[in-house]
Each structure stands twice: as structure tokens, then as C-alpha cells.
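> sequence unknown, structure follows:
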């Protein structure tokens, strides 16, 4: 069906809002906070129907990959490196996942990858532009 492949591609970090307040709220260790600040993360999304492989490439060669199928429980990893289980849902064209201490949504808006994480009223928004 039309629109299911919308996420596939490579996206480079363009900007974010509320990073500092959010990482403090979720208790990210300070070394990880520093690493993620204005970090030119490249997010690579491979999508095959409802199956996704979502890889984040950090400068310096570190990568985090989460593979999941919409509607099925999957093993995931947080930005702090914690492992957990989550079921990613599709709501109004957005991918929605409940992480242990925050809710994460991802959508394609205006050709950009827009990711929003919220925890107890603190909303962190990250925008990445498509590069491939």
C-alpha cells in the first residue's frame, strides 16, 4: 500500500530542542549526555512493509540498531544503552514506542525525519534531514 515505505532512507541530524532538560529527566549519565549533544547522528532506516531496522550511526563509529515489526514485541535498546522490550505501533503515520521511561514517536514531515521523545512533560524533539 501507498505510504508504507515513507521511512526508508538515511537522515543526518539537523537540530534538536530541549535536549538538556530531557536527558536530565531520564537520568542519562553525563558522559552519554556529552556524546549526544549536537551530535551529527546519521539515522538509517530500512523498511520492508511492517518490518523495520533502525540504525543510528554516531561519530567515532559507534552504532545502535533496533529491529522491530509494527505491532509485535521486540528487543530494543535505549539511547543510554539499556535493553528492554517494546511493541512499536503505527498511529496516524507515526511510529510510536513506549520506552522504559519515555514515549518516542517518529514521523516523516516535510521530507525530514522528526523524532519526539516525551517524559513527564518534558518534550525532546530531534529533526534530521534526508541525505540518501
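Looks like it arrived, so ask away. Since the structure is predicted, the reported quantities are computational estimates derived from the model, not experimental observations.

> The helix or strand of the chain with the lowest mean pLDDT: which residues count as buried?
For the chain, the helix or strand with the lowest mean confidence is helix 30-36, at a mean of 81 (criterion: mean pLDDT, DSSP states H and E). Buried residues in helix 30-36, counted by 16 or more other CB atoms under 10 Å: 35-36. All C-beta spots, glycine's among them, are computed from the backbone N, C-alpha and C.

> Ok, stretch 37-47 next?
So, applying 16+ other CB under 10 Å, buried residues of stretch 37-47: 39, 41-45, 47.

> tell me what the least confident helix or strand of the chain is packed against?
If you count contacts as 3 or more CB pairs under 8 Å, 6 or more residues apart in numbering; DSSP states H and E, helix 30-36 packs onto helix 19-25.

> what's near enough to touch the closest residue to residue 98 other than its chain neighbours?
Nearest residue to residue 98, sequence neighbours excluded (CB to CB, 6 or more residues apart in numbering): residue 86, at 6.0 Å. Applying CB atoms under 8 Å, 6 or more residues apart in numbering to residue 86 gives the contacts 68, 73-74, 76, 97-99.

> same question, residue 65
53-56.

> In which helix or strand does the residue most central in space within the chain reside?
With distances taken as CA atoms, centre = their mean, the residue of the chain nearest its centroid is residue 115 (5.8 Å). In this assignment (DSSP states H and E), residue 115 forms part of strand 112-119.

> starting at the chain centroid, how far to the next helix or strand after that strand?
Next along the chain after strand 112-119, taking DSSP H and E as the criterion, comes strand 122-130. Its chain's C-alpha centre and that of strand 122-130 lie 9 Å apart, by CA atoms, centre = their mean, to the nearest Å.

> Partner strands of strand 122-130, with direction?
Strand pairing for strand 122-130, using DSSP bridges, gives strand 9-17 (antiparallel), strand 112-119 (antiparallel).
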